[in-house]
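> sequence? don't have it. structure:
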DNA sequence: AGGGAAATTGACGTTGACGTCAAGGTAACG
DNA sequence: CGTTACCTTGACGTCAACGTCAATTTCCCT
């Protein structure tokens, strides 16, 4: 109990499967310690996993996340890289807002159709002649 | 010019590729007229395509759309089927709302991080130790 | 020492919605 | 009649993010 978790404990703790953890490792998103052939996840690895899961909630792809993590792992205080990271985040935010607006629109439309009588029914009826 | 469009004209008119149209046909979403081996899209086919594209904007899967279209093509005024269609739409609306709420939350979080200084920067720095 | 639980690597499978050739058929224009 | 543009079918490829075996180790407990 040296502040490291086995893969099974990680699964329980973060609600992910072992396959997922190995997959992230293969994709170079995380590097657990090796004790023999077994994996052990220390604080750093767990912090990275948290960020990965967080990034996913924000809708970043795993590749986006890898790049973001890499930028910081490599040369944290580099101003240029810092700005690029910021830009990536702003960009993603823009996408998210756009996506939400579209979704809002679609929701409003669908709601109205449902209110107007019968879902897409009127529309579908029209198509069926 | 008998109120039918060739596949190429359809592509231009609806901003889809020929592959997409053939794919929809293969999935039994649309049935263009055949003139020899060539396809011709009449008003009905075009109406169906519009509905398909519309359904996609609502986030329905092609399979959902096929089922919805089928229900109405087959026996439009069947009360049971009508209710099932309605239920599908309500269900989908629920999903959309849930998705939007999640998105709103994520947007708020990301915005705050950006405001707090440096995107996911603080977080990523922490992970890099 | 034995035996079940937990881990390992490797490799192929899945899902959805098409993309991308390849190898022709056909139709319209001059 | 030729050529060029458009169309056809068929089949395999792609992308993301894992799932699902299978065949072995390795660990922990009694």
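Thanks, I have the structure now. Owing to the predicted nature of the structure, the values given are computational and were not obtained by experimental measurement.
> okay, now the domains of chain A?
Following automatic domain parsing, chain A resolves into domains at A:1-58, A:77-129.
> show me the contacts for residue A:5.
Counting by Cβ atoms under 8 Å, 6 or more residues apart in numbering or on different chains, residue A:5 touches A:13, A:40-41, A:46. Where you see a C-beta, it was placed from the backbone N, CA and C, and this is true even at glycine.
> so what's the backbone phi/psi at it?
With angles defined as degrees, to the nearest 10, residue A:5 sits at phi -120, psi 150.
> show me where chain A has strands.
A:33-35, A:38-40 (DSSP state E).
> centroid residue for chain A?
By Cα atoms, centre = their mean, chain A has its centre lying nearest to residue A:56, at 0.8 Å.
> for whichever residue of chain A sits closest to DNA strand C, which non-adjacent residue is spatially closest?
Residue of chain A nearest DNA strand C, by Cβ to the nearest atom of the strand: residue A:8 (2.3 Å). Closest residue to residue A:8 in three dimensions, ignoring its sequence neighbours and counting by Cβ to Cβ, 6 or more residues apart in numbering or on different chains: residue A:18, at 7.1 Å.
> could you give the number of residues near the one you found?
Here the number of neighbours of residue A:18 (other Cβ atoms under 10 Å in any protein chain shown) works out to 13.
> flag the shaky bits of chain A, pLDDT-wise.
For chain A, applying pLDDT under 70 flags the ranges A:1-2, A:72, A:74-78, A:117-129.
> interface residues of it facing DNA strand D?
A:17, A:19-20, A:23, A:35-38, A:56, A:61-63 (Cβ under 7 Å from any atom of the strand).
> among the residues you listed, which two are most distant?
A:36 and A:61 (32.9 Å; Cβ to Cβ).
> helices of chain A, residue ranges please.
A:7-14, A:18-26, A:43-57, A:62-75, A:79-115, A:121-127 (DSSP state H).
> and residue B:50, which of those helices is closest to it?
For residue B:50, the closest of the helices of chain A is helix A:121-127, at 7.7 Å, according to Cβ to Cβ.
> and residue A:5, bridged to which residues?
Residue A:5 has the following beta-bridge partners by DSSP bridges: residue A:41.
> any idea how far residue B:98 is from it?
32 Å (Cβ to Cβ, to the nearest Å).
> one more: residue A:6?
34 Å.
> settle it for me: which of those two has more neighbours?
residue A:6 (15 against 10).
> number of residues surrounding the closest residue to the more buried one other than its chain neighbours?
Sequence neighbours aside, residue A:40 is the residue nearest to residue A:6 in space, at 6.6 Å (criterion: Cβ to Cβ, 6+ apart). When neighbours are defined as other Cβ under 10 Å, residue A:40 has 18 of them.
> wait, what's in contact with residue A:40?
Contacts of residue A:40 (Cβ under 8 Å, 6+ apart): A:4-6, A:32-34.
> same deal with residue A:52?
Listed by Cβ under 8 Å, 6+ apart, the contact set of residue A:52 reads A:24, A:29-30, A:62, A:65, A:69.
> swap in residue A:31?
Counting by Cβ under 8 Å, 6+ apart, residue A:31 has contacts A:25, A:45.
> could you redo the last one with a cut-off of 10 Å?
Counting by Cβ atoms under 10 Å, 6 or more residues apart in numbering or on different chains, residue A:31 touches A:24-25, A:39, A:41-42, A:44-45, A:48, A:73.
> now the two most distant members of those residues.
Within these, A:39 and A:73 form the most distant pair, 18.9 Å apart (Cβ to Cβ).
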